[in-house]
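Enquirer: Whatever this is, show me its structure:
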Amino acid sequence: MARFLFYAILAYLLYSFWRFFRSLKRRVVSARPPQPRLSGTMVKDEVCDTYLPKEEALREVIEGKEYFFCSKECRKKCLEARKRP
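Expert: Numbers count the residues shown, from 1 in each chain. Now for the predicted structure:
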């Protein structure tokens with residue numbers, strides 16, 4: 001009888017440890033970084049006429065005017081076009 005009680009307690013302890021570590025894993029997976037709030041302001045890419053949130057756009061100031069681009073390629077095209085007379 002003592003042997004049965006010993007194995008029952010051992011099984012309960014192992015089960016408790018398993019539940020504890022499983023709950024830790026769930027907490028780590030479910031923890032997500034907060035998403036940044038977007039202002040709702042949309043800007044236009046002058047090269048490809050795409051509208052995108054101001055926070056996600058690449059910004060460039062050319063001759064005192066602010067321009068926004070959706071990608072590095074569009075920014076590069078715009079800068080090359082302005083270099084040509």
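Enquirer: Could you check how many residues crowd around residue 74?
Expert: When neighbours are counted by other Cβ atoms under 10 Å, residue 74 registers 19. Heads up, the C-betas are built off the backbone N, CA and C, glycines and all.
Enquirer: And the helices in the protein, which stretches?
Expert: Assigned by DSSP state H, the chain shows helices spanning 2-30, 72-83.
Enquirer: Could I get the buried residue list for stretch 72-84?
Expert: Buried residues in stretch 72-84, defined by neighbour count with 16 or more other Cβ atoms under 10 Å: 74-75, 78.
Enquirer: Between those, which sits nearest residue 62?
Expert: Proximity of the buried residues of stretch 72-84 to residue 62 (Cβ to Cβ) peaks at residue 78, which lies at 7.9 Å.
Enquirer: Double-check that closest one against residue 47; I have them as touching.
Expert: Yes: proximity of residue 78 to residue 47 meets the contact threshold set by Cβ atoms under 8 Å, at 5.2 Å.
Enquirer: Overlap of the contact sets of the two?
Expert: Common neighbours of residue 78 and residue 47, using Cβ atoms under 8 Å, 6 or more residues apart in numbering, are residue 69.
Enquirer: Comparing the helices of the chain, which comes out most buried?
Expert: With neighbours defined by mean count of other Cβ atoms under 10 Å, none of those is more surrounded on average than helix 72-83, at a mean of 13.
Enquirer: pull the helix or strand with minimum mean pLDDT from this structure.
Expert: Within the chain, no helix or strand scores below helix 2-30, which has a mean of 82 by mean pLDDT, DSSP states H and E.
Enquirer: Got the domain ranges for this protein?
Expert: If you go by automatic domain parsing, the domain ranges for the chain are 1-32, 42-83.
Enquirer: if we can go back for a sec, could you dump the buried residues of stretch 72-84 to CSV with pLDDT and distance to residue 65?
Expert: Rendered in CSV, the data for the buried residues of stretch 72-84 read as follows (pLDDT from 0 to 100; distance: Cβ to Cβ, whole Å):
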residue, pLDDT, distance to residue 65
74, 93, 16
75, 91, 14
78, 89, 12
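Enquirer: Just give me the closest of those residues to residue 64.
Expert: Distance from residue 64 was checked for each of the buried residues of stretch 72-84 by Cβ to Cβ. The minimum falls on residue 78, at 15.5 Å.
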